[in-house]
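**Q** curious how this folds, go ahead:
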Amino acid sequence: MKNSVVSDLDLNEEPITLADGRVVTFALQNTRVIYEMVDVEYRAYHQVMSWTAQDFLYDMTENPNTYYIQAFVGEELAGFVGCRRDRTDVHISNFVVNPDFQSMGIGAAILQRAICCAKQLDRNAMSLEVRASNHGAQRFYQRFGFYESATKERYYSDNDEDAYEMRLMPLMNIDQIEVIESA
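**A** Numbers count the residues shown, from 1 in each chain. Okay, here's the model as predicted:
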């Protein structure tokens, strides 16, 4: 792929250690785990398939404005985020943590790296859509400073559910982010 944003990124690949001692490593745009990405998304979204393997492969190899950050516990895919550089911001198109690894800090580590990469692309905002019913995800994003900026009616085609567009603006340096612990 010509002029991919991936070549402009310096991913913080420093591993993190979970409370149970397992180590989480990070990779940028590993196309060898596309089928695992489909499986993780399917399991996390309660048997709703949003993207196919072909969708992920096309996005990673043919769209020069996208980048994916993947987290692994050993060889197992623990989660990933897909981001797209737009004219004014970076849009999160996919963000999912394997249900077996949720609530362990992996999602926070992935999102922190995505924010860092967005700053490297000279963008000062991020955006995403979240289901109106997904209060847990909304709270997660709010901990990082995302706020609801619009409602997209009947956005999700599987059930015509509304989506909230959430934005983070301005982007902060990682050392400025104070993640608020949930009560």
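
**Q** quick one, what contacts D100?
**A** D100 sits next to E76, A78 when contact means CB atoms under 8 Å, 6 or more residues apart in numbering. Every residue, glycine included, has its C-beta placed from N, CA and C.

**Q** that's a strand at it, yeah?
**A** No. D100: not assigned to a strand; according to DSSP: H, G, I helix; E, B strand; the rest coil it is helix.

**Q** quick check: it vs A71, distance?
**A** 12 Å (CB to CB, to the nearest Å).

**Q** overlap in contacts of the two?
**A** A78.

**Q** which other helices and strands does the helix or strand hosting S127 contact?
**A** Remark: S127 resides in strand 126-131, with elements defined by DSSP states H and E. Contacts defined by 3 or more CB pairs under 8 Å, 6 or more residues apart in numbering; DSSP states H and E place strand 126-131 against strand 90-97, helix 106-120, helix 135-143, strand 163-168.

**Q** okay, the ones you listed in TSV with distance to E76, mean pLDDT and mean neighbour count next?
**A** Shown next, in TSV, are those (distance: least, CB to CB, whole Å; pLDDT from 0 to 100; neighbours: other CB atoms under 10 Å):
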stretch	distance to E76	mean pLDDT	mean neighbour count
strand 90-97	12	95	22
helix 106-120	11	94	20
helix 135-143	21	93	16
strand 163-168	29	93	20
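
**Q** hmm, back to that, partners of the strand holding S127 in the sheet?
**A** Strand 126-131 has its sheet partners listed here by DSSP bridges as strand 90-97 (parallel), strand 163-168 (antiparallel).

**Q** what angle separates the longest one from helix 135-143?
**A** This means strand 90-97. 130 degrees (axes from the mean of the first three to the mean of the last three CA atoms, to 10 degrees).

**Q** and strand 90-97, how far out from the chain middle?
**A** 3 Å (CA atoms, centre = their mean, to the nearest Å).

**Q** now V33: closest residue in space, sequence neighbours ignored.
**A** Excluding its sequence neighbours, the residue lying closest to V33 (CB to CB, 6 or more residues apart in numbering) is L77, at 5.3 Å.

**Q** please read the previous query as pertaining to L9.
**A** Of all residues not flanking L9 in the chain, C117 sits nearest, at 5.0 Å (CB to CB, 6+ apart).
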